[in-house]
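K.L.:
Got a predicted model here, sequence first, then my questions.
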Amino acid sequence: MTDAVPGEPLVRVRGLRVTRSRDVVLDGIDLDLRAGEVTAVLGPNGAGKSTLVSAIAGIVAPSAGSIERHGRVATALQDPGLARRSARANVEIAQAWWGIPRAERRGRADRALAALGAAELGDRRATALSGGEQRRVHLARAIAVDPEVLVLDEPFASLDAETRAGLLQDAASVIRGRAGATLVVVHDRAEAWALADRVVVLVDGRVVAQGEPQRVLDAPPSEAVARFLGYDGVIRRERSVLLTRAAHVTLEARGAEGSGAAGSGAGSGAAGSGAGSGAAGSGDVEGSGSGDPDGFEGSIVRVTPIEDGFRVRVVVADGELSAEVRGVRPAVGDRVRVVVRGGVEFAKRRSS
Amino acid sequence: MNYVVDGLVQAWQLIVGGDPYLRDVTVVTLQVAAIPTLIAVVIGLPAGVALGIGRFPGRRAGLALANAGLGLPPVVVGLVLALLMFPAAPLGPLRLLFTLQGVYVAQTVLALPIIVALTASAVRSVPTGLLDQARAFGAGRASVAVLALREARVGVLAALIAAVGSALSEVGAVVLVGGNINGLDQTLASAALSEVEAGHFAGGLAIGIVLLVLIAIVSGALTALQYGGGRVAPRVGARS
C-alpha cells in the first residue's frame, strides 16, 4: 500500500535502452509512472512492450539509461499462472510472497475478489475456473497485493469479446481507484481508453506518442501512429494527406446504381460515432456539397456487419475512407456523398 | 504348497501372538526405512527442486547423475560402503561397520537418488508461468521452491513412497554393511533371508508376509496423504 502523493513519480525511466543479442529492443525511452495514475502501453506486436514491462519490473537489465523506482514493483504476467488451490488461497499466497502479514490476507483477498466480481469463486479450485474467471482471480491477486507500482501485462488477453467487456468494466474502476502507479500493457485501443489516464504508444522500441488518451487520439504525431490508432481512411491532397477514422466520416445516400434498396440503406441511417453522428441527410452535414472541400462523391466497395450496424469502405476520388452506418444494410456499389469532419492532416513527404 | 500354508499360519501366529522377536525386527525395519528416508528427504528435496527448476551450469549433468543413481545395485553400494568402513579405510574411524548407523548410511545412499530424481521430474511438470508469476509477486527462492513442491506434491509423494518401499525391502546393502545381526540391525527382509538360508522356508515366508503387510500399510498411508489433501469446492455454475 502506497502513501505517495498523487501525481508523484514512482518510476522514472530516462533514456532506457535494452538490447538482446545485439538487437536494440528498446531505445531512448523516457517515461514516468505517477502515483494514482494508470498508464497504458500500446503498440503492435514486437514493439517492445513486454521488454519494457520486464525492464520496469527489474527482470531485464538496461543496456543504457536509468530506471529509478520509489517503491516495489509487482507484475501480473499475461499467463494467469494459478496454483492448484482455491481462488482465495491463490490471492492469499500472493500476499504471502509480497510479505503482507498473515492476519491481513483473508480480508484483503475477500475484498479484492469482491471488487472484481469474483466473490463467489473464493472456494472454488482456481485451475478449474473458466478463462475469464481465472483472469478475475489473477487481477484480484494483483489488487490484493496493492504494490506501489503495479504492472499488468495484457490482463485481458485471450478472452472472448463478451467476457473481456465484463472484466474490463469491473477492472477499470478497481484499477483506476488505486493509490499507486499502474502500468497496463494492452493490445486493444478500447482497453487503453477505458483504463488509462495516459497512453504511451510504442513502435519499434521507441515511444512515438504519449499523453492523455483523447489528446493522443485526436492529434497523433505521425502517420504511422495515426494508422496504428485506427486512422484507416486517407484522402490525398496536393501537399498533404488527410487521415480519418470512421468517427470522422458520415455518409449520405446519393442514389444507388441499380439498387434502390442499397441506396436507401446507405442513406437511411448513415452515422459516425463522433462529430458526425446522427442520421445522414440531416442538418449535421451542412456545407458538404460536392463542391465543398469536405464533401466527396464516393462508392461503397466493402460492407462488413458489426455489432450495431455496418462498417463500410468507400472509395472517393482521392482516397478511401471507412464509415459506420446503422439501419438497412448498404450494398457494394452504392453511390454516397461522404462528409468528413475532423481527421488529421500531415504534409506529404518530399521524395528526393 | 505346504510351505505356503505353513508360512501363512506362522505369519498369522506371529502377528496376532505379539511375538517379541517379530516386534523388535519390525521396529528395526521401520527405523532403517524411516530415518534414512528422512535424511534423504532433507537433502534430496532441495537438490531435486534445484535440479528441476533451477538455472545453473551443470544442472543437466546433475539430473543425469541422479537418474543414474536410480539404478544403483544395492549389493554394490553395500560392498563399497563396507570396504570404506573397514577399520583401515577412510570411514573406519567412524566405527560404522556392523552397526545400525552404518545401515542408515547405506540406506540413505540408496534413497537419495530416488528422492532427487523423482522430485526433479515432478517439479519440472509445474507450469513455468506459475513460478514466474510467483517471482513477479516478490517470492524468493525458498517460496518458489515450496510452491513448486506443493504443486507437484503427487509426484513428490510418489518419490517418498518409492524411497520408503525400497528401504523397507532392502537386503543386500543391509546385510553387507550391518552384518544382519539379530537384535541389532536385522530387518524383516534380512531376517527372511536368514530363515531361508537356514532352510526354514515357512518361517522365511511368514516374515515375508509380515513385511508385505507392513509395506502395504505404510504405502497406503502415504498414498492417502498423496491424494487426500487440497480438496476445494467443486465447480458450481460459472461467471466468465
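P.N.:
In hand now; what should we look at? Numbers count the residues shown, from 1 in each chain, chains lettered A, B, ... in the order given.

K.L.:
Report the contact partners of residue A:102.
P.N.:
By Cβ atoms under 8 Å, 6 or more residues apart in numbering or on different chains, the contact list for residue A:102 reads residue A:96. All C-beta atoms are positioned from the backbone trio N, CA, C, and that covers glycine.

K.L.:
let me fix that: residue B:7
P.N.:
Applying Cβ under 8 Å, 6+ apart, we find residue B:7 in contact with B:201, B:202, B:203, B:204, B:205, B:206, B:208, B:209.

K.L.:
ok, so of those, who is nearest residue B:37?
P.N.:
Nearest to residue B:37 among the contacts of residue B:7 is residue B:208, at 21.1 Å by Cβ to Cβ.

K.L.:
so which strand or helix has the most centrally placed residue in chain B?
P.N.:
Centroid-nearest residue in chain B: residue B:163, 2.3 Å away (criterion: Cα atoms, centre = their mean). Using DSSP states H and E, residue B:163 sits in helix B:153-169.

K.L.:
Alpha carbons of that helix, as CSV, please.
P.N.:
Once non-C-alpha atoms are left out, helix B:153-169 reads as follows in CSV (Å, rounded to 0.1, in the frame of the first residue of the first chain):
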residue,chain,number,x,y,z
ARG,B,153,3.1,-33.0,-4.3
VAL,B,154,1.6,-36.0,-6.0
GLY,B,155,4.9,-36.7,-7.8
VAL,B,156,6.9,-35.8,-4.7
LEU,B,157,5.0,-38.1,-2.5
ALA,B,158,5.4,-40.8,-5.2
ALA,B,159,9.2,-40.3,-4.7
LEU,B,160,8.7,-40.7,-1.0
ILE,B,161,6.7,-43.9,-1.4
ALA,B,162,9.3,-45.3,-3.7
ALA,B,163,12.1,-44.5,-1.3
VAL,B,164,10.3,-45.9,1.7
GLY,B,165,9.2,-49.0,-0.2
SER,B,166,12.8,-49.6,-1.4
ALA,B,167,14.2,-49.1,2.1
LEU,B,168,11.6,-51.5,3.8
SER,B,169,12.5,-54.3,1.4
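
K.L.:
so what does that helix touch, helix or strand wise?
P.N.:
Packing partners of helix B:153-169 (3 or more Cβ pairs under 8 Å, 6 or more residues apart in numbering or on different chains; DSSP states H and E): helix B:20-53, helix B:100-124, helix B:188-197, helix B:201-228.

K.L.:
does chain A sit close to the second one?
P.N.:
No. Contact between helix B:100-124 and chain A, assessed by Cβ under 8 Å from any Cβ of the partner chain, is absent, since the two come no nearer than 13.1 Å.

K.L.:
and the angle from the lowest-mean-pLDDT helix or strand in chain B to helix B:188-197?
P.N.:
In chain B, the helix or strand scored least confidently by mean pLDDT, DSSP states H and E is helix B:2-17, which has a mean of 80. Helix B:2-17 runs at 140 degrees relative to helix B:188-197, counting by axes from the mean of the first three to the mean of the last three Cα atoms, to 10 degrees.

K.L.:
quick one, phi/psi of residue A:66?
P.N.:
phi -140, psi 150 (degrees, to the nearest 10).

K.L.:
how close does it sit to residue A:11?
P.N.:
Note on residue A:66: its distance to residue A:11, by Cβ to Cβ, to the nearest Å, is 11 Å.

K.L.:
out of those two, which sits in the more crowded spot?
P.N.:
residue A:11 (21 against 10; other Cβ atoms under 10 Å in any protein chain shown).

K.L.:
need the contact list for that one.
P.N.:
A:31, A:32, A:33, A:56, A:67, A:68, A:69, A:70, A:73, A:149, A:181, A:183.

K.L.:
Just the buried ones among those residues, please.
P.N.:
Among the contacts of residue A:11, those classed as buried by 16 or more other Cβ atoms under 10 Å in any protein chain shown are A:31, A:32, A:33, A:56, A:67, A:69, A:70, A:73, A:149, A:181, A:183.

K.L.:
Counting only helices, which of those make the cut?
P.N.:
residue A:56 (DSSP state H).

K.L.:
Next, the residue lying closest to residue A:187 once chain neighbours are set aside: phi, psi?
P.N.:
In this structure, residue A:187 finds its nearest non-sequential neighbour in residue A:154, 5.9 Å apart by Cβ to Cβ, 6 or more residues apart in numbering or on different chains. Dihedral angles of residue A:154 (phi, psi; degrees, to the nearest 10) stand at phi 50, psi 70.

K.L.:
Tell me how far residue A:154 lies from residue A:78.
P.N.:
5 Å.
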